[in-house]
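> Return a 3D structure for these sequence lines:
(one chain, ligands or ions: 1)
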Amino acid sequence: MLSFGEEPLHHILIAIRQRFERGDRRVSIAVPHPELGRGLYPGETTLHQGVLLRHRPLRVWLDLADRLGCRLSLPRAVSDTHIRLDFEPLDPDRSWHDHQSVDATEKYGAGSVFQRIDKLEEASFLLDLLEALERVRLQPADRVLDLGVNSGGELAVFDLLDTALSSSLSFVGVDHSRTALALARERFPSKTHTFLEADLNDLDELELGRFDLVISIGTLQSPGIDDRALLRSLVQRHLVTDGSLILGFPNSRYLDGELLYGAKMKNFSQPELSLLVKDLAFYRKYLHQHKFKVLLTGKYDLFVTAVPVRR
Ligand SMILES: C[S@@+](CC[C@H](N)C(=O)[O-])C[C@H]1O[C@@H](n2cnc3c(N)ncnc32)[C@H](O)[C@@H]1O
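Alright, predicted model coming up:
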């Protein structure tokens, strides 16, 4: 096990990388106990029993593991001053993205690894989506349209609203995955929930009427969807006059059970955000021009919340 006291983070980074480069499957390090430096900024030193220790909070080690594509085991105290951290590389072959499906519409279907993911178990996602919903200020009997609803997991967040309000809402979920929709119908058998199998590019032909809220998470950037045309159609043909939108965009990826920050781009070792930033800038500008107040929030998933200026 490598042991560090006052060395700067880049020394530790180099040492870990060298171990992985020589083929180690797990790198263990001992570093100053984060609780000895409570209230210090990362990198500040503290003298403990005559030994100089460089403080870092646990978050620094979680970030390091994330950026190295590693799993961090539960830190354990190995002395009064040090904890032990084990970094294990995630298995690149265990990405749910590699799911091979007979039909492109079933990439996220009932048989896919995607069904094991419950985004409402991710703290940032849950809090950001809930705050976006609170900003929308739904009214009793409002209609909600969810595009790319899949098996309906995200709809459970509406249950966290005031009970009288949430039980008065009605939902229409659209997706092209037949098997995911079957799971959604099982999950929400009530008449307040309708699930339709359709291509989002054909939304205008479905004659669904207008909605008070349109929500679409992790879907608008899917291959084959003309997101610009869909956004225009949502604003012009699917929202009531003072309707709102919540659009979610992944800024992360799952690998081997772990959520890693940043979408992976070909030929880049670190997350590359230009495409996402370009798309977000377009949505924000378009929605501003159409008299919405627009907020951009989130971390692993970014949320564009557009509420009419009047609300
Ligand atoms: C990444 S998943 C997101 C699902 C869910 N909203 C979530 O965040 O967990 C994208 C969803 O959009 C659906 N989808 C992608 N392209 C579509 C299209 N052209 N028409 C209808 N659904 C589509 C997929 O079947 C899938 O359920």
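> Mind pulling up the pLDDT for Ser95?
pLDDT recorded at Ser95 is 70.
> does Val294 really touch Ala306, like I thought?
Yes. Between Val294 and Ala306 there is a contact under Cβ atoms under 8 Å: 5.1 Å. (Glycine included, C-beta is placed from N, CA and C.)
> shared neighbours of those two, which are they?
By the contact definition Cβ atoms under 8 Å, 6 or more residues apart in numbering, Val294 and Ala306 are jointly contacted by Leu287.
> who has more neighbours, those two?
Applying other Cβ atoms under 10 Å to Val294 and Ala306 shows that Ala306 carries more neighbours, namely 28 against 17.
> partner residues bridging that one?
Leu245, Val294 (DSSP bridges).
> which ones are touching it?
244-247, 287, 292-295.
> Buried subset of the residues you listed as a ChimeraX selection?
To isolate the buried ones among those in ChimeraX, judged by 16 or more other Cβ atoms under 10 Å, type:
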select :244,245,246,247,287,292,294,295
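> Only alpha carbons, please: show the biggest helix by length in the chain as CSV.
Scanning the chain for the longest helix, with DSSP state H as the assignment, gives helix 274-289. Only the C-alpha atoms of helix 274-289 are listed here, as CSV (Å, rounded to 0.1, in the frame of the first residue of the first chain):
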residue,chain,number,x,y,z
SER,A,274,-19.5,21.1,-26.6
LEU,A,275,-22.4,19.2,-28.2
LEU,A,276,-24.5,19.3,-25.1
VAL,A,277,-23.7,23.0,-24.5
LYS,A,278,-24.6,23.8,-28.1
ASP,A,279,-28.0,22.0,-27.8
LEU,A,280,-28.7,23.6,-24.4
ALA,A,281,-27.9,27.1,-25.9
PHE,A,282,-30.4,26.5,-28.7
TYR,A,283,-33.2,25.3,-26.4
ARG,A,284,-32.6,28.2,-24.0
LYS,A,285,-32.6,30.8,-26.7
TYR,A,286,-35.7,29.4,-28.5
LEU,A,287,-37.7,29.2,-25.2
HIS,A,288,-36.6,32.7,-24.2
GLN,A,289,-37.8,34.0,-27.6
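> That helix: how far from the chain's middle?
Its chain's C-alpha centre lies 18 Å from the corresponding centre of helix 274-289 when counted by Cα atoms, centre = their mean, to the nearest Å.
> ok, now stretch 221-238?
With Cα atoms, centre = their mean, you get 21 Å for stretch 221-238.
> Make residue 1 into 15 and carry on from there
In the new numbering, first residue 15, that becomes stretch 235-252.
> in it, what's buried?
Neighbour-count burial for stretch 235-252 [16+ other Cβ under 10 Å]: 239, 241, 244-245, 247-249, 252.
> Would you mind naming what in the stretch 215-325 of the chain lies close to the ligand?
Residues of the stretch 215-325 of the chain lying near the ligand by Cβ under 6 Å from any ligand atom: 215, 231-233, 236, 238-239.
> Please produce CSV containing these, extended by distance to His190, pLDDT and secondary structure.
Output for those, formatted as CSV (distance: Cβ to Cβ, whole Å; pLDDT from 0 to 100; DSSP: H, G, I helix; E, B strand; the rest coil):
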residue, distance to His190, pLDDT, secondary structure
Asn215, 10, 97, helix
Ile231, 15, 98, strand
Gly232, 14, 97, coil
Thr233, 10, 97, coil
Ser236, 10, 93, coil
Gly238, 9, 93, coil
Ile239, 10, 96, coil
